[in-house]
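Undergrad: would you be able to build a 3D model of this:
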Amino acid sequence: MKITYIHHSSFSIEMENAVMLFDYFKGNVPLFDTKKHIFVFVSHKHPDHFDMGIFELAKTYPYITFLLSDDIQMDEAHMDRKHIPQISRPHILSIGKNESIFLPIRKGSGKREESGTADAEKPGLYVETLASTDEGVAFIIACNNQVIYHAGDLNWWSWDGETQEEYMDMTNRFQREMAKIKGREFDAAFVPLDPRQENRFWWGFDYFMKTTQTKLVFPMHFWKDYSVITKLKNMEKAKEYFNKIADIKEEGQIFLV
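TA: The predicted model follows:
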């Protein structure tokens, strides 16, 4: 896999026969092979994870599928108001929390196939979702014997000054989602590490790493504060997995996995 850090929570993953692009709203998108099928994932509607400009990609890449969390309105009237290109519309799909679908890798893919009807011999992406603790979903994607996790805004969003009720609600919802993936193996994961949480910035990241069997994890949602990556790697709490944390230093950085 060729993984490129684009900006904030946006990454691309290039495989032999497919490309995945996650939560793009800003930054330089790499140039992909136009013969490959491009899968564009949007975890939720927040403007730091979603921009209507992604639909322009259909003008360059003939084999493309957009998979959007169902908190994003995409009916025909809305697409007309937002001037979504007609060429993109047949390839826009929606997915909710705790769902799974199969996305075939093929020319002009835009048809949704339920996971139960997938042909085991057909190349494609098997996609599962978790419920975010904020908006939308987190994605789990299996493709070419690789399993990818992208959290979106699924995180332990705990803050100084919150009430005990708020703390317990967030903690319970986050840990409930993590219980669904306890012990699962991920070849690459993309997980929030947000410095705005101050002394709690590492909580969700650490919990995820100690719940799953993840080979390589990419911090995201760190608002260009790259120092939090080094800070976490140097913490005693991270001694079990510090060598699995990708050392992101700049936008456009490429990792060959």
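Undergrad: do a quick rundown of the helices in this structure.
TA: Here the chain has its helices, by DSSP state H, at 76-81, 164-179, 203-211, 227-233.
Undergrad: show residues contacting the first one.
TA: Residues from elsewhere that reach helix 76-81 (CB atoms under 8 Å, 6 or more residues apart in numbering): Arg89. For every residue, glycine as well, the C-beta is placed using N, CA and C.
Undergrad: CA-only coordinates of that helix in CSV, if you can.
TA: C-alpha atoms of helix 76-81 as CSV (Å, rounded to 0.1, in the frame of the first residue of the first chain):
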residue,chain,number,x,y,z
GLU,A,76,-31.8,15.2,-5.9
ALA,A,77,-33.1,18.6,-4.8
HIS,A,78,-30.1,19.2,-2.5
MET,A,79,-27.7,18.1,-5.3
ASP,A,80,-29.3,20.6,-7.6
ARG,A,81,-29.0,23.4,-5.1
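Undergrad: what's the mean pLDDT across it?
TA: Computed over helix 76-81, the mean pLDDT rounds to 94.
Undergrad: check stretch 52-68 too.
TA: Here the average pLDDT along stretch 52-68 is 97.
Undergrad: now do the contacts for the closest residue to Arg196 other than its chain neighbours.
TA: Once flanking residues are discounted, Arg196 sits nearest to Trp223: 7.1 Å by CB to CB, 6 or more residues apart in numbering. Trp223 makes contact with His8, Asp194, Pro195, Arg196, according to CB under 8 Å, 6+ apart.
Undergrad: neighbour-wise, which of these leads?
TA: Asp194 (21 neighbours; other CB atoms under 10 Å).
Undergrad: just give me the neighbour total for the residue lying closest to it once chain neighbours are set aside.
TA: In space, and not counting its chain neighbours, Asp194 is closest to His221: 5.2 Å by CB to CB, 6+ apart. As a burial measure, His221 scores 21 neighbours (other CB under 10 Å).
Undergrad: so what pLDDT did His221 get?
TA: His221 is given a pLDDT of 98.
Undergrad: out of the helices of the chain, name the one with the poorest average pLDDT.
TA: helix 76-81 (a mean of 94).
Undergrad: buried residues in that helix?
TA: Residues Met79 are the ones in helix 76-81 that count as buried (16 or more other CB atoms under 10 Å).
Undergrad: swap in stretch 37-54?
TA: For stretch 37-54, burial by neighbour count (16+ other CB under 10 Å) applies to 37-44, 46, 48-50, 54.
Undergrad: who's in contact with Val29?
TA: Ile6, Ser12, Leu21, Leu57.
Undergrad: and what of Tyr24?
TA: Residues in contact with Tyr24 (CB under 8 Å, 6+ apart) are Ile6, His7, Ser10, Val40, Phe50, Asp51, Ile54.
Undergrad: gap between it and Met52?
TA: Separation of Tyr24 from Met52 (CB to CB, to the nearest Å): 11 Å.
Undergrad: over to Ser10?
TA: Counting by CB to CB, the separation of Ser10 from Met52 is 15 Å.
Undergrad: how about Asp169?
TA: Distance, Asp169 to Met52, using CB to CB: 32 Å.
Undergrad: spatially central residue in this protein, please.
TA: His150 (3.1 Å; CA atoms, centre = their mean).
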